[in-house]
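>>> show me how the following folds:
(chains A and B)
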Amino acid sequence: MPWPTIHKATAVPGPGPNMLDYTAARASFTWATAERMLDGLPHGGLNIAYEAIDRHVVHGRGGALAIRWLGGTGARDATYADLAGLTNRFANVLTNHGIGKGESVFALLGRVPALYIAALGTLKKGCVFSPLFSAFGPEPVQARMTLGAARVLVTTEALYRKKVASWRGQLKSLQFVFLVDAEISMLPPGTASLDEAMQRVTEEFTVASTASDDLALLHFTSGTTGRPKGAMHVHGAVVSHAYTGWAALDIHPTDRVWCTADPGWVTGMSYGIISPLVNGATLIVDEAEFDAERWYSTLQDQRVTVWYTAPTAVRMMMKLGAAMVRKYDLHHLRFLASVGEPLNPEAVIWSQDAFGRPFHDNWWQTETGGIMIANYAAVDIKPGSMGLPLPGIEAAIVIRSEHGGVTEITSPMTPGELALRPDWPSMFRGYLHEEERYRKCFVGGWYLTGDIAMRDDDGYFWFVGRGDDVIKSSGHLIGPFEVESALMEHPAVAEAGVIGTPDPIAGEVVKAFVALKPGFTASEPLRKELLGHARKRLGPAIAPKEIAFRTDLPRTRSGKIMRRLLKARELGLPEGDLSTLESDER
Amino acid sequence: MSDIEIRRTVIEILGNIAPESNPALIDEKADVRAALDIDSMDFLNFMSTLHARLAVNIPEADYPKLSTIAGAVAYLGTKLRA
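Residues are numbered from 1 along each chain as shown, chains lettered A, B, ... in the order given. All right, here's what the predicted structure looks like:
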């Protein structure tokens, strides 16, 4: 290993690590014990929002600060008692509008208070909550809300007009749209004011008697082909949220936790809302996007103790240098963690130098619902490694065999597919309406993650790459098919192939290869038109950053575009097995 | 280079990054990221293209000063005339 191991010999000021002895914790762990971190509903059952909010009020911690939102116009605070009342109001709004258990409530919002109130209020009501990233364009929004049969949408007037109004009539299930910021006299047709609806109801609500296997959250993720996949999560997932926040993020009730991920992605929901609240900590939320000086000020002024962010942000900070970090008083900061794509060893070493604390990389995905493999407060870090499986999680490296089974690879540092032994409380319970796709994820008693990794002699896991064509950009999965489909809607486009190309900051960025229909000629104005077309439909988070013209794209005999070949050529890598190539790129 | 020419260059580069929009029509003092739906990768691209086109060295710590069209024109003008 070229990078020195970071030893955890010296104690960090503040409360001691929750998990002092990883090996012992792993040996004695059971999920039944982890469940004892929670209360359960007073009359039986389990509800994420009750565990996140109400039980702390019951235990006399209602006055503790639950969330502080940092917006453009100053901070807004909510104690656990405030949050209990606000989420009860939202649940009552749903009741008043006849929304029943199991029906879906979508949010298309930035990190404003209404998003958090709607998420937790929806869970209290026993409805299914689905958050959408506000930088999605109208097409990803429509595709996801249609798949999820949205009954309610909570959004802003601007987002509604820009991303929903044009297609709303096509989605018959969508009955109520609540706007969080609109003037009552100026409401667009078919929408209502959330503020007004919240004022009309009381703060009293009895949490729905949900069971641990009742659906709670719907998170969309991307595959290689077809539509986005709706990963379904249940209320029982809160056992994982509680335990993984405690063990992997070292959250104590005295902590001030800042998870920079947007709740439109699973990290922002599991660790930017649920886990810190379940663990009784204070959540710091910043509505603004990345800006290094603002971030350091926030860490300093809000006395953040636990910070969970993404490699893209760490690399941007690294470019700005350690001197800028040292201008701030960050002595409160105790635990730094990162997720979304592998954190390069240089960044881990840099953080140790700049912050006096190393970043702890960890690994999980939408389907797992919570952290599966992690670097821990009291365990040595091998920079560049994603760490060790959590207590309760069995992970392995496998290869798929010809006969539809899998074989475990036991020799160290040999790449294979990362597999996990089902099940754990936050494991997804299906892809919405796609039973077959779900079943295919499980082979020979393992859940296959689609990620390629290796395991070393000491049991540390190392990420190698995706096993499929899915693109990982700034920690988010992007399905090439969704991008290709949007490009194909343009009258000039005959075919499109979309790949991820390496980027030092984002990990990968989206690049599209486009072949034109007869009568169209490749030109700079057309390239800009296609880029604009894709950005308008998909939004900046999904749209390609680069578009290149080709006369033809490489295809298999069955007519599928060979993205693998496009990528190998883009990167100057060996082209691999070309036996299925029917017509080549020109 | 005059402020008018700098402004034209800034708007042209933004128009190449977000061709679906018209940067000339947005509020000069609005954050281009919000006004033009530009994400952080697009913004880095904006900075590196400005650097390449105008041969102005823009330290990363100064990026926030260029987050509006007015801010970018003022910053680049000062640098170019220095």
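
>>> so where's chain A shaky on pLDDT?
A:1, A:558, A:580 (pLDDT under 70).

>>> near chain B, which residues of it?
By the rule CB under 8 Å from any CB of the partner chain, the part of chain A lying against chain B is A:135, A:289-294, A:312, A:316, A:319-320, A:324, A:473-474, A:503, A:505-506, A:509, A:528-529, A:531-533, A:535-536, A:539-541, A:545. C-beta: built from backbone N, CA, C; applies to glycine.

>>> give me that answer again for 6 Å
A:290, A:291, A:319, A:320, A:506, A:528, A:531, A:532, A:535, A:536, A:540 (CB under 6 Å from any CB of the partner chain).

>>> spit out the contact partners of the second one.
Contacts for residue A:291 were tallied using CB atoms under 6 Å, 6 or more residues apart in numbering or on different chains; they are residue B:64.

>>> mind checking the SS state of the residue in the stretch 151-300 of chain A that chain B sits nearest to?
At 5.3 Å from chain B, residue A:290 is the closest residue in the stretch 151-300 of chain A, using CB to the nearest CB. The assignment at residue A:290 comes out as coil when based on DSSP: H, G, I helix; E, B strand; the rest coil.

>>> hmm, who's touching stretch A:309-328?
A:260, A:290, A:292, A:296, A:300, A:338, A:340-341, A:343, A:347, A:350, A:353-354, A:474-475, A:505-506, B:60.

>>> what about residue 55, neighbour count?
You didn't say which chain, so I picked chain A. 20 (other CB atoms under 10 Å in any protein chain shown).

>>> I was after chain B.
Neighbours of residue B:55 under the rule other CB under 10 Å: 9.

>>> of the residues of chain A next to chain B, which is the most crowded?
Going by other CB under 10 Å, residue A:506 tops the residues of chain A next to chain B with 27 neighbours.

>>> and the residue lying closest to residue A:174 once chain neighbours are set aside, what does it touch?
Excluding the flanking residues, the one nearest residue A:174 by CB to CB, 6 or more residues apart in numbering or on different chains is residue A:150, at 5.1 Å. In this structure, residue A:150 makes contact with A:104, A:106, A:174, judged by CB under 6 Å, 6+ apart.

>>> start to end distance for stretch A:131-146?
Chord length of stretch A:131-146, first to last residue, is 14 Å (CA to CA, to the nearest Å).

>>> again with stretch A:34-43
First residue to last in stretch A:34-43 (CA to CA) measures 20 Å.

>>> mind listing what's buried in it?
For stretch A:34-43, the buried set under the neighbour-count rule, 16 or more other CB atoms under 10 Å in any protein chain shown, comprises A:34, A:35, A:37, A:38, A:41.

>>> repeat that for stretch A:98-106.
Applying 16+ other CB under 10 Å to stretch A:98-106 flags A:99, A:103, A:104, A:105, A:106 as buried.

>>> for those, which one is nearest chain B?
residue A:106 (20.2 Å).

>>> hmm, the closest one is touching residue A:155, no?
No - at 8.3 Å, residue A:106 does not count as touching residue A:155 under the criterion of CB atoms under 6 Å.

>>> which residues of chain B lie near chain A?
Counting by CB under 6 Å from any CB, the residues of chain B that sit close to chain A are B:19, B:20, B:37, B:39, B:40, B:41, B:60, B:64.

>>> redo that, cut-off 10 Å
Contact residues (CB under 10 Å from any CB of the partner chain) of chain B with chain A: B:15-21, B:31, B:33-34, B:36-45, B:59-61, B:63-64, B:67.
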